[in-house]
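Visitor: structural data only, the sequence is not supplied:
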Ligand SMILES: NC(=O)C1=CN([C@@H]2O[C@H](COP(=O)(O)OP(=O)(O)OC[C@H]3O[C@@H](n4cnc5c(N)ncnc54)[C@H](O)[C@@H]3O)[C@@H](O)[C@H]2O)C=CC1
Ligand SMILES: O=C(O)C(=O)CO
């Protein structure tokens, strides 16, 4: 018998067809108030869930007593109560690897845009101020040859190191849970304590997951260790950073600039002081958002969900302890 799957993310036609061949599918198109009501109404019969960008906590999970598997269309799993899912023997899957290169591209786009002031200067051109007002005070700073500091040397961190080392001749230093000899050899990278990295890197890039250990990892004390020339890049999760401390560091000139794809609260509110600062490049959490990669992520999530519902071990299982 077909199982019941609730999607809270639209899929491409071929993926929808694949899923509908094997499951009864309920699609929640938007997670607005009405969509959330529809979701709550569908949860009691749901055996599988697929989506992203929804905090799936115990309260929502309790509405779904028949749930067997949740397939997240993301690599980050900070939106899920993993312990509770595991306790309930619900499998959780994610989408690693397929988004690594694209997210590293976004990281590098933010590095280049903040260092060379791309958004600020492009806006000057749009506002007809090219001739009159652009002078040395608008010059940026070089990227090539500068020290690239990576915090969280996992898949995306490595892809960033590759771009910096081979593409831009940047010395790479990194901080992670443990040293990575293979990475050191490949990119001539050097391990540093967190404090050392913050003091030494020209570009400080966050590529670690949001966990109980990393929440608020970068706060006032850490910004105080950075140099006025440092550029801060966050493509991990907003809550790894104390955003008020980041704003203060930017306003006080403790750091030169920031390139941010993720924020403490998303969507970032228009009233955020970050948006008053010329030296901030803010993007709307689009690290993996290319046509090709989003399709690959969705495909990966569908494959994971169908495997889990068929009683097989899915390729990207986050909580193997939940296997029945
Ligand atoms: N901006 C965006 O759109 C995207 C953001 N992400 C974020 O990037 C994160 C990383 O993704 P991957 O590289 O695939 O994960 P990964 O698991 O391969 O790498 C994470 C690295 O961080 C390290 N780490 C974890 N906790 C640490 C700690 N307390 N101190 C130091 N190092 C620590 C791990 O050892 C690992 O090497 C995701 O969890 C997600 O939050 C991922 C994709 C897109
Ligand atoms: O995959 C993730 O964790 C994202 O943030 C979106 O791609």
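Guide: Looks like it came in fine. Fair warning: this is a prediction, and the values are worked out from it, not measured in the lab. Ligands and ions are numbered 1, 2, ... in the order given.

Visitor: can you name the residues of the stretch 151-300 of the chain that neighbour ligand 2?
Guide: Proximity of the stretch 151-300 of the chain to ligand 2, by C-beta under 6 Å from any ligand atom, involves residues 287-288. Bear in mind the C-beta positions are built from the backbone N, C-alpha and C, glycine included.

Visitor: low-confidence stretches in the stretch 151-300 of the chain?
Guide: Scanning the stretch 151-300 of the chain for pLDDT under 70 picks out no residues.

Visitor: please enumerate the strands of it.
Guide: 172-175, 190-191, 203-206, 231-234, 257-260, 280-282 (DSSP state E, counting those that start in this stretch).

Visitor: now tabulate those strands in a markdown table and tack on distance to residue 50.
Guide: Shown next, in a markdown table, are the strands of the stretch 151-300 of the chain (distance: least, C-beta to C-beta, whole Å):
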| stretch | distance to residue 50 |
| --- | --- |
| strand 172-175 | 34 |
| strand 190-191 | 38 |
| strand 203-206 | 28 |
| strand 231-234 | 27 |
| strand 257-260 | 28 |
| strand 280-282 | 29 |
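
Visitor: of these, which is nearest residue 29?
Guide: Ranking those by proximity to residue 29 (C-beta to C-beta) places strand 280-282 first, at 26.7 Å.

Visitor: excluding its backbone neighbours, what's nearest residue 277?
Guide: residue 250 (5.4 Å; C-beta to C-beta, 6 or more residues apart in numbering).

Visitor: what sits up against stretch 260-270?
Guide: The contact list for stretch 260-270 (C-beta atoms under 8 Å, 6 or more residues apart in numbering) reads 106-107, 110, 233-239, 241, 243, 272, 274-275, 280-287.

Visitor: with stretch 58-70 instead?
Guide: 3-4, 39-40, 43-50, 54, 56, 80-81, 84-85, 88, 90-93, 304-305, 308-309, 314.

Visitor: which of the residues you listed count as buried?
Guide: Buried subset of these (neighbour count, 16 or more other C-beta atoms under 10 Å): 3-4, 39, 43, 46-50, 54, 56, 80-81, 85, 88, 90-93, 304-305, 308-309, 314.

Visitor: among those residues, which ones are in strands?
Guide: 3-4, 48-50, 91-93 (DSSP state E).

Visitor: let's have those in JSON lines, adding distance to ligand 1 and pLDDT.
Guide: Shown next, in JSON lines, are those (distance: C-beta to the nearest ligand atom, whole Å; pLDDT from 0 to 100):
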{"residue": "3", "distance to ligand 1": "28", "pLDDT": "98"}
{"residue": "4", "distance to ligand 1": "29", "pLDDT": "98"}
{"residue": "48", "distance to ligand 1": "22", "pLDDT": "98"}
{"residue": "49", "distance to ligand 1": "19", "pLDDT": "98"}
{"residue": "50", "distance to ligand 1": "17", "pLDDT": "98"}
{"residue": "91", "distance to ligand 1": "19", "pLDDT": "98"}
{"residue": "92", "distance to ligand 1": "13", "pLDDT": "98"}
{"residue": "93", "distance to ligand 1": "14", "pLDDT": "98"}
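
Visitor: give me the pLDDT for residue 134.
Guide: With respect to pLDDT, residue 134 has a value of 79.

Visitor: contacting residues around the residue most central in space within the chain?
Guide: For the chain, the residue nearest the mean C-alpha position is residue 236 (4.2 Å; C-alpha atoms, centre = their mean). Residues near residue 236 by C-beta under 8 Å, 6+ apart: 76, 152, 206-210, 214, 262.

Visitor: list buried residues within these.
Guide: Buried among those by 16+ other C-beta under 10 Å: 76, 152, 206-208, 210, 214, 262.

Visitor: what's the local residue count around whatever residue of the stretch 201-324 of the chain ends up closest to ligand 2?
Guide: The nearest approach of the stretch 201-324 of the chain to ligand 2 comes at residue 288, 3.3 Å away (C-beta to the nearest ligand atom). Residues contacting residue 288 under the criterion other C-beta atoms under 10 Å number 26.

Visitor: how near is it to residue 237?
Guide: 13 Å (C-beta to C-beta, to the nearest Å).

Visitor: try residue 226
Guide: 19 Å.

Visitor: quick one: the residue of the stretch 201-324 of the chain closest to ligand 2 and residue 295 touch, right?
Guide: No: counting by C-beta atoms under 8 Å, residue 288 does not reach residue 295; the two are 10.9 Å apart.

Visitor: give me the neighbour count for whichever residue of the stretch 101-250 of the chain sits closest to ligand 2.
Guide: At 6.7 Å from ligand 2, residue 103 is the closest residue in the stretch 101-250 of the chain, using C-beta to the nearest ligand atom. Counted by other C-beta under 10 Å, the residues lying close to residue 103 total 24.
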